[in-house]
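S.K.: Below: sequence and its predicted model.
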Amino acid sequence: MADEHQEKSAPAPGNRGSRKTRTGEVVSSSMNKTIVVRTVTRVPHAKFGKIVKQMKKFYAHDEQNQAKTGDTVRIMETRPVSKLKRWRLVEVIQK
């Protein structure tokens, strides 16, 4: 029985769950080390079925202040950095 408990060990650090990523446009970069990214998602309307756009803003951590307003960026989910920031900048796709 002791062998059964040893087999159920914690997963290795490299086997973490995949994190969500989003691609969007930087709406604001006036804060220090913070950008606001707007993403556009196309979903069918619940009642009518027409494809509509949903826009959502995400606050993301930008350590080097490299993203500017108007850039297309990729952000990734991360641990809470502040009250609103739960995302971090991965790369600037297009300047």
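M.R.: Sure, I can see it. Residues are numbered from 1 along each chain as shown.

S.K.: could you pull out the strands for the chain?
M.R.: Listed in chain order, the strands found in the chain under DSSP state E are 21-28, 34-44, 51-61, 72-77, 87-94.

S.K.: Can I get these in a markdown table including mean pLDDT and mean neighbour count?
M.R.: From N, CA and C alone the C-beta is placed, and that goes for glycine too. A markdown table is the format used below for the strands of the chain (pLDDT from 0 to 100; neighbours: other C-beta atoms under 10 Å):
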| stretch | mean pLDDT | mean neighbour count |
| --- | --- | --- |
| strand 21-28 | 97 | 16 |
| strand 34-44 | 97 | 15 |
| strand 51-61 | 97 | 14 |
| strand 72-77 | 97 | 18 |
| strand 87-94 | 95 | 16 |
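
S.K.: which residues touch the residue nearest to residue 38 when sequence neighbours are not counted?
M.R.: Counting by C-beta to C-beta, 6 or more residues apart in numbering, residue 27 is the residue found nearest to residue 38 once chain neighbours are left out, at 4.8 Å. Residue 27 is in contact with 36-38, 57, 69, counting by C-beta atoms under 8 Å, 6 or more residues apart in numbering.

S.K.: What is the neighbour count of residue 67?
M.R.: 20 (other C-beta atoms under 10 Å).

S.K.: from memory it sits against residue 73, does it?
M.R.: Yes - assessed by C-beta atoms under 8 Å, residue 67 is found in contact with residue 73 at 5.3 Å.
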